[in-house]
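> What would the 3D arrangement of this be:
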Amino acid sequence: MNTVYRALGWLIFYAQLALFVQCILLASAVGILASPLLRALHRKPTTNWVCAHAMRILARYLLDVTVEVDGAEHLLRAKETPCVLVANHQSLLDTIWLAWVLPRNAVVVANMFISRIPVLGWFMRLGGNLFVKQGDRQSIKALFENSLRYLEFERTSIVMFPEGKRNPSETGSLLEFKKGAFYLAYCTHAPIIPVAVQCTYPLYSWADCRFRRGCVIRIRVLAPISTESLTEEDIPALIADTRNDIQKACISLSLAEARTKLF
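Okay, the predicted model is just below:
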């Protein structure tokens, strides 16, 4: 009987995962179709915002996954000036919560391999998103130069994951933050908007074949951090403080999730 239950659990998981992938591809297709018009209007990064809203609808009605955003008012800063959004990076579910916080004029930094995925990679390129190959100095240099161009000349915000890679921690503990996003903000005087996402391990786990329907992803947008008066010597403290603030918020959100289950 246990074998039957396990087999059924695997079947449900892979069916839900296949539906999730279909949602990502459908949202990407919407972005691809919108891209020619937005390019003609010189609003290429808005392609990402259109795709994000398609993903919100698909996630809510097909996957039965929603997002609760605490501190959404802090995102208004990205309407006034280009910002660097930094967030913890956990799993495929990041494609869902990101759809709720992505500014209208913003691009995302992603791993180079994503650019080679059919449909999704095509959309990401058309949306002007940035790619980096980990450990490749030329790729990192190109990323920095393109990011400077977006922030300074194209007035476009950038979403970055300072952990540097996906971190599917069972406890929500963060990896050490890399300095790229913070050095970029220092060089351009762009405000930093920290975004904390609850530990999503209880909601999704590839290793445990778990994908919960009817779940809520809780995120908290923290107050923007000004970089106007920073010096280069201030960057290590900025990184440490931002990581600490995001970690505390992640723990708080996970505790809120646990209390919800109890009651």
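
> quick one: which helix or strand includes Val69?
strand 65-70 (DSSP states H and E).

> Outside of that strand itself, list whatever touches it.
The list of residues contacting strand 65-70 from outside it, by C-beta atoms under 8 Å, 6 or more residues apart in numbering, reads 56, 59-60, 93, 96-97, 99-101, 213-221, 253. (C-beta placed from N, C-alpha, C; glycine too.)

> pLDDT on it, on average?
Along strand 65-70, the predicted local confidence has a mean pLDDT of 95.

> how about the next helix or strand after that strand: buried residues?
Beyond strand 65-70 on the C-terminal side, the first helix or strand identified by DSSP H and E is helix 77-80. Taking 16 or more other C-beta atoms under 10 Å as the neighbour-count basis, helix 77-80 is seen to contain the buried residues 77-78.

> which residues are contacting helix 77-80?
Contact with helix 77-80 is made by 83, 85, 103-106, 157, 191, 193, 224, as judged by C-beta under 8 Å, 6+ apart.

> Buried members of the contacts of strand 65-70 into ChimeraX, please.
Of those, the buried ones can be selected in ChimeraX as follows, counting by 16+ other C-beta under 10 Å:
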select :56,59,93,96,97,99,100,101,215,217,218,219,220,221,253
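
> and the contacts of strand 65-70, which of them are in strands?
For these, membership in strands holds for 215-221, with DSSP state E as the criterion.

> was I right about Trp10 contacting Cys209?
Yes. Here Trp10 lies in contact with Cys209, judged by C-beta atoms under 8 Å, at a distance of 5.3 Å.

> In terms of neighbours, single out the busier of those two.
For Trp10 versus Cys209, neighbours defined as other C-beta atoms under 10 Å are more numerous around Cys209 (15 against 11).

> Please name the nearest non-neighbouring residue to that one.
Once its chain neighbours are removed from consideration, Cys209 has its nearest residue in Phe13; the separation is 4.0 Å (C-beta to C-beta, 6 or more residues apart in numbering).

> Dump the strand holding Val69 to PDB, keeping only the CA atoms.
The C-alpha coordinates for strand 65-70 follow below in PDB (Å, rounded to 0.1, in the frame of the first residue of the first chain):
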ATOM      1  CA  VAL A  65      -0.700  29.500  -6.000                       C
ATOM      2  CA  THR A  66      -0.900  33.100  -4.800                       C
ATOM      3  CA  VAL A  67       1.400  35.600  -3.300                       C
ATOM      4  CA  GLU A  68       1.100  37.900  -0.300                       C
ATOM      5  CA  VAL A  69       3.200  41.000  -0.400                       C
ATOM      6  CA  ASP A  70       4.100  42.900   2.700                       C
END
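
> buried residues in it?
For strand 65-70, using 16+ other C-beta under 10 Å, the buried residues are 65, 67, 69-70.

> Out of those, the closest to Arg116 would be?
If you rank those by distance to Arg116 using C-beta to C-beta, Val65 comes first, at 26.5 Å.

> How much space separates that closest one from Tyr150?
To Tyr150, Val65 is 30 Å away according to C-beta to C-beta, to the nearest Å.

> Ok, Asp234 next?
Asp234 sits 23 Å away from Tyr150, going by C-beta to C-beta.
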